[in-house]
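Student: here are the coordinates; sequence isn't available:
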C-alpha cells in the first residue's frame, strides 16, 4: 500500500512539474509534494498522531484545540499544561500545579466533528480545591465557510483569552485578571452557535443562544469581586437553564491584525428550583449586559493585544441596597522578541502589561465602590525553546484600593 501511495505521489509531482511554466513553480510544487510525503511517513510512524501547528487556529481557538479540524486521522488527541511558582511580597511563597488539559476530537465525517476539553485543576485533588471539569464538549456541523453550526457545551465567544487560553498564547504567568473576573475565563456554557467567515472580506462572526449567567447570588448581593465569575452554570449537573444571546464579530483582513467586539445579553436570575425558605429567590426583570472591544497586532518581533470590557446588571436594586450594578476594566500587553535582535534560534519576548479594572464600579447604595479598584503593571519575559513550550517569569506590581500586593512568579506551559 505504501509503495502505491509513493508511486501516485511521484506521478503527481511529475504531472505538476510538467505543467509548471517556470523553474520556480516547479520547485514550489516539488516542495509541496515533499511535505505531503513527509506527513504520510510521519502518520505511518505515529499511528496517525497529528502534531500541533502553532500557526493554525480554527474559529479563533488555540492551536491545540484546533487539531481535529486539520488532522488527517479521524481521532485527534492534544492538550496543554501549566504550573508556576509565586512569591508575594506580603506572604509565603508557594507552587501550583495549575492545569493539565486533554483535548479529544473525532471526525465522524468531513462535515460532522466532535471536539472536547477535559481539565484537571490543582492536581484534581478535591480536598485542596482541585477538580475535573469538562470545559467544552460539542458537535460541529460544517456546511460552508460562511455558515456552520455548533451544538453542545462550548466556549463562550467573548474576549481574547476565553477562546485562546492555551499558555503559549499569552505572555504573563497568569491570565489577565480582567479576563478572569470581568470575562470569567474559561467561560463555557451549553448552547447553539452559528459561525462563519466571509472570504476575502476578512470578517468572521459567531452568534447564538447559550445558558445565561446566574448573577442573582450572594456575591452580587454583597458586591464581591467574583460576582460575575461565580455566576457561571458551566457543565454542572442538572444546571438551571435560561436563554441568553451572544454575538461576536472580528476583522482579520490585514495581515497580523485582529479587531473585534463581543456582546452578551440575558436574564440574570437563573436559579435551579429555589425553595420557599431559601435566602435567594428568582427575580423577574433582572438582566445582564456584557460587551468587550478587543484587538491584537503582530508585526515581526513586535506584538500587542488587549481589550476593554463592561458588565451592567439591570434591576440590581431588586436584590438589595448593597448589590453591585456595574463592573468594567481594560488591559494592554506589549512585547518584543529580543531573540530576533541577537539572531537567536529561540523566541525571547520581553513584555509589559497594564491592567486597570474595577469589578464593583457601581453599587445600588453607592458604598464599597473602591474596595476592589485594581491597577497592575506587570513586566516579564518568556523563553520558547520550541514553539510548543514556554518558560515564563514576571513581576506584577499590583494596587488594590491603593494597597500594594506585589508578586514575583515563574511558570511553564506547553501544548501538544
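Tutor: All right, it came through fine. Please read these numbers as outputs of a predicted model, since none were measured by experiment.
Student: List of residues touching stretch 374-394?
Tutor: Under the criterion CB atoms under 8 Å, 6 or more residues apart in numbering, residues 52, 54, 84, 167-168, 171-173, 177, 329, 335, 346-358, 395-400, 408-416 lie in contact with stretch 374-394. In this view, the C-beta of every residue, glycine as well, is placed from N, C-alpha and C.
Student: If any of the residues you listed are buried, put those into a ChimeraX selection.
Tutor: Paste this into ChimeraX to select the buried members of those, with burial taken from 16 or more other CB atoms under 10 Å:
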select :52,54,84,167,168,171,172,173,177,329,335,347,348,349,351,353,355,356,357,358,396,398,400,408,409,410,411,412,413,414,415,416
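Student: So which of the contacts of stretch 374-394 are in strands?
Tutor: 84, 329, 335, 349-358, 395-400, 408-415 (DSSP state E).
Student: At which residues are the strands of the stretch 51-200 of the chain located?
Tutor: For the stretch 51-200 of the chain, the strands defined by DSSP state E, counting those that start in this stretch occupy 75-88, 94-107, 112-121, 131-144, 147-155, 188-197.
Student: Figure out which of the ones you listed is closest to residue 404.
Tutor: strand 75-88 (10.3 Å; CB to CB).
Student: buried stuff in the closest one?
Tutor: So, applying 16+ other CB under 10 Å, buried residues of strand 75-88: 76-84, 86.
Student: In this structure residue 327 contacts residue 363, no?
Tutor: No. Residue 327 lies out of contact with residue 363 (CB atoms under 8 Å); the separation is 10.4 Å.
Student: Neighbour count for these two, which is higher?
Tutor: residue 327 (25 against 20; other CB atoms under 10 Å).
Student: Walk me through which strands the helix or strand encompassing the more buried one pairs with, and which way each runs.
Tutor: Using DSSP states H and E, residue 327 sits in strand 324-337. Sheet pairing for strand 324-337, assigned by DSSP bridges, gives strand 302-314 (antiparallel), strand 349-363 (antiparallel).
Student: Can I get those in CSV including distance to residue 142 and mean pLDDT?
Tutor: As requested, the strands paired with strand 324-337 are exported to CSV (distance: least, CB to CB, whole Å; pLDDT from 0 to 100):
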stretch, distance to residue 142, mean pLDDT
strand 302-314, 28, 98
strand 349-363, 35, 98
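Student: okay if I get these as a markdown table plus distance to residue 383?
Tutor: A markdown table is the format used below for these (distance: least, CB to CB, whole Å):
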| stretch | distance to residue 383 |
| --- | --- |
| strand 302-314 | 15 |
| strand 349-363 | 9 |
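Student: just to revisit the earlier point, quick one: which of the strands of the stretch 51-200 of the chain is nearest residue 297?
Tutor: strand 188-197 (19.3 Å).
Student: Read off the pLDDT value for the nearest residue to residue 124 once chain neighbours are set aside.
Tutor: With sequence-adjacent residues excluded and distances taken as CB to CB, 6 or more residues apart in numbering, residue 124 is closest to residue 130, at 4.5 Å. We note a pLDDT of 85 for residue 130 in this prediction.
Student: hang on, the earlier thing: distance from the strand holding residue 327 to the middle of the chain?
Tutor: 15 Å (CA atoms, centre = their mean, to the nearest Å).
Student: Kindly report the same for stretch 324-340.
Tutor: 15 Å.
Student: how far away is residue 328 from residue 93?
Tutor: 32 Å (CB to CB, to the nearest Å).
Student: Mind checking which of the two has more residues around it?
Tutor: residue 328 (19 against 11).
Student: hang on, that one packs against residue 182?
Tutor: Yes. Taking contacts as CB under 8 Å, residue 328 lies within contact range of residue 182: 7.1 Å.
Student: Show me the common contact partners of those two, please.
Tutor: 309-311, 357.
Student: Identify the farthest-apart pair in the residues you listed.
Tutor: Largest pairwise distance in the shared contacts of residue 328 and residue 182, by CB to CB, is 10.9 Å, between 311 and 357.
Student: Overlap of the contact sets of those two?
Tutor: 182, 327-328.
Student: can you pull out the helices in the stretch 201-350 of the chain?
Tutor: Per DSSP state H, counting those that start in this stretch, the stretch 201-350 of the chain carries helices over the ranges 218-221.
Student: re the thing from before, quick one: which of the shared contacts of residue 328 and residue 182 is most hemmed in?
Tutor: Once you tally neighbours by other CB under 10 Å, residue 311 ends up highest among the shared contacts of residue 328 and residue 182, having 28 neighbours.
Student: Can you give me every residue that contacts the closest residue to that residue other than its chain neighbours?
Tutor: Take residue 311 and drop its neighbours on the chain: the residue closest to it by CB to CB, 6+ apart is residue 290, 4.4 Å away. Applying CB under 8 Å, 6+ apart, we find residue 290 in contact with 158, 183, 228, 263-265, 309-312.
Student: what's the closest of the strands paired with strand 324-337 to residue 102?
Tutor: That would be strand 302-314 among the strands paired with strand 324-337, by CB to CB, at 26.6 Å.
Student: Tell me the confidence at residue 13?
Tutor: 40.
Student: same question, residue 89
Tutor: The model's pLDDT for residue 89 equals 94.
Student: That one: neighbour count?
Tutor: 12.
Student: quick one: buried residues of stretch 222-233?
Tutor: Counting neighbours by 16+ other CB under 10 Å, stretch 222-233 gives 222-225, 227-233 as buried.
Student: Just give me the closest of the residues you listed to residue 98.
Tutor: residue 229 (16.3 Å).
Student: Can you give me the neighbour number for the closest residue to that closest one other than its chain neighbours?
Tutor: For residue 229, ignoring the flanking residues on the chain, the nearest one in space by CB to CB, 6+ apart is residue 184 at 4.0 Å. The tally of other residues near residue 184 (other CB under 10 Å) stands at 24.
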